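Q: curious how this folds, go ahead:
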Amino acid sequence: MESNVYAELKNQVTENYALVKLEDKVLDLDLEIYDPVNDEVINTNLSEYEGRWVVLFFYPADFTFVCPTELKDLNDKLQEFQSMENVEVIVVSTDTVFSHRGWIKEEHLLKDFQLPMASDRTTIMSRYFGILNEQSWNSERWTFIISPDGYLKMMEIHTEPVGRSSNELVRKLNALKFVTENPWNACVASWNGESSPKLKPSIKIAWQVAENLE
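A: You can find the predicted model right below:
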């Protein structure tokens with residue numbers, strides 16, 4: 001049964017796109033997930049992940065070409081994601097949960113794939129984030145990171161022929177976690193861990209950044 005929030009959202013997305021922007025509070029979206037570890041379907045929503053960083057990793061479609069290489073790359077980082085303790089990575093496409101199951105059982109690149117796979121068959125999520133390709137009816141190749149308190153903190157888009165890097169996703173998650181846990185700090189370009197340079201933004205250092213890197 002649909003929540004009132006979800007029913008209202010469904011009405012909105014018939015006429016509007018990209019209903020959420022960076023730093024917005026993300027609505028409590030419904031999720032239909034295929035769990036490849038337990039081989040079962042789970043019906044849940046985003047609020048169940050409160051207190052965790054949530055990565056929504058949208059890809060165009062099952063049984064395609066670049067997509068399985070991306071998902072394998074994610075799965076190869078599984079232990080690293082788990083070591084972050086409060087990070088949940090969910091892959092999403094407009095395929096059904098049945099398609100998800102069939103794909104990972106047939107595609108050798110996805111052998112032992114363990115990340116939850118959400119089905120956006122209704123396209124509600126893709127419309128909400130403004131990433132539905134109306135020609136193919138697939139999601140575009142986007143990544144979203146939502147903070148533990150439910151705010152959209154990062155968006156990344158790639159053209160379909162170019163796959164994403166899980167190393168970069170790990171770097172961004174670590175940077176977001178660092179600035180959240182260390183207010184008034186900022187991570188500089190290519191920041192990659194607490195041993196990397198960082199700074200405390202201030203008008204007083206606006207022309208002296210080099211001297212104020214820590």
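
Q: how does this protein divide up, domain by domain?
A: The chain resolves into domains spanning 4-181, 183-214 when parsed by automatic domain parsing.

Q: just name the most buried of the ones you listed.
A: domain 4-181 (a mean of 17; mean count of other Cβ atoms under 10 Å). Bear in mind the C-beta positions are built from the backbone N, C-alpha and C, glycine included.

Q: need the mean per-residue confidence for that one.
A: Domain 4-181 carries an average pLDDT of 93.

Q: and that domain, how far from the chain's centre?
A: Domain 4-181 sits 5 Å away from the centroid of its parent chain (Cα atoms, centre = their mean, to the nearest Å).

Q: bridging residues for the residue nearest to K21 when sequence neighbours are not counted?
A: Leaving aside its chain neighbours, K21 sits nearest to L152 (7.2 Å; criterion: Cβ to Cβ, 6 or more residues apart in numbering). For L152, the beta-bridge partners are I146 (DSSP bridges).

Q: doesn't I146 make contact with L152?
A: Yes: the pair L152 / I146 is scored as a contact, 5.8 Å apart, by Cβ atoms under 8 Å.

Q: now the common contact residues for these two.
A: Contact criterion Cβ atoms under 8 Å, 6 or more residues apart in numbering; residues shared by L152 and I146: V26.

Q: the longest helix in the protein is where?
A: helix 166-181 (DSSP state H).

Q: which strands and helices sit next to that one?
A: Here helix 166-181 touches strand 53-58, helix 66-76, strand 141-146, strand 152-158, strand 186-187, going by 3 or more Cβ pairs under 8 Å, 6 or more residues apart in numbering; DSSP states H and E.

Q: and of these, who's closest to S119?
A: strand 53-58 (11.8 Å; Cβ to Cβ).

Q: direction included, what does the closest one pair up with?
A: strand 87-93 (parallel), strand 141-146 (antiparallel).

Q: contacts for the helix or strand that the first one is followed by, please.
A: Right, the one you point to is strand 87-93. Using DSSP states H and E, the helix or strand that follows strand 87-93 in sequence is helix 97-106. By Cβ under 8 Å, 6+ apart, the residues outside helix 97-106 that reach it are 32-34, 36, 39, 41, 62-63, 68, 93, 95, 110, 113, 117, 119.

Q: one more: stretch 28-40?
A: Outside stretch 28-40, the residues that reach it (Cβ under 8 Å, 6+ apart) are 2-3, 5-6, 9, 41-47, 90, 97, 100-101, 104, 113-119, 121, 124-125, 128.
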